[in-house]
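Peer 1: Predicted model, plus sequence, below.
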Amino acid sequence: MLGGSDLNDEMCRDDVLHSGTCPEQLVDSATAERLAQVFRAMADPTRVRILSALAEAELCVGDLAGVLEMSISAISHQLRLLRELRVVRKRREGKHIYYALDDEHVRDLFERGLEHVQHT
């Protein structure tokens, strides 16, 4: 941990951006908020387990409830949030609604996160 004097030594003392050290273009605020929402959606262990199941196959609510050993109501609640954030999508076939990861970006984000936490 840095002491008070060490911290002061690390801080810039002038009001000028150092050329070549600061990014020229940052993510805009609206995009940053949407990305933060996606990460918040993935910050719940139940939702992570749902994504894990959907990374393997398209499933209906009943199948997800069975696999996760949870109530259909609890799974539906989580799926509603994931749908609102465009992390999962639904498809109707007759009386059944099937859920899948929204696209390959979501799959990649999930798989990259999983690789990161499993990396030793």
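Peer 2: All right, it came through fine.
Peer 1: for the longest helix anywhere in the chain, packing partners?
Peer 2: If you go by DSSP state H, the chain has its longest helix at helix 104-118. Under the contact definition 3 or more CB pairs under 8 Å, 6 or more residues apart in numbering; DSSP states H and E, helix 104-118 sits against helix 45-56. Just so you know, the C-beta spots here come from the backbone N, C-alpha and C atoms, and that holds for glycine as well.
Peer 1: One more pass at 6 Å, please.
Peer 2: Contacts defined by 3 or more CB pairs under 6 Å, 6 or more residues apart in numbering; DSSP states H and E place helix 104-118 against no helix or strand at all.
Peer 1: now the angle from it to helix 45-56?
Peer 2: Helix 104-118 and helix 45-56 are oriented at 120 degrees to each other (axes from the mean of the first three to the mean of the last three CA atoms, to 10 degrees).
Peer 1: And the contacts of helix 104-118?
Peer 2: Contact partners of helix 104-118, identified using CB atoms under 6 Å, 6 or more residues apart in numbering, comprise 51, 55, 87, 101.
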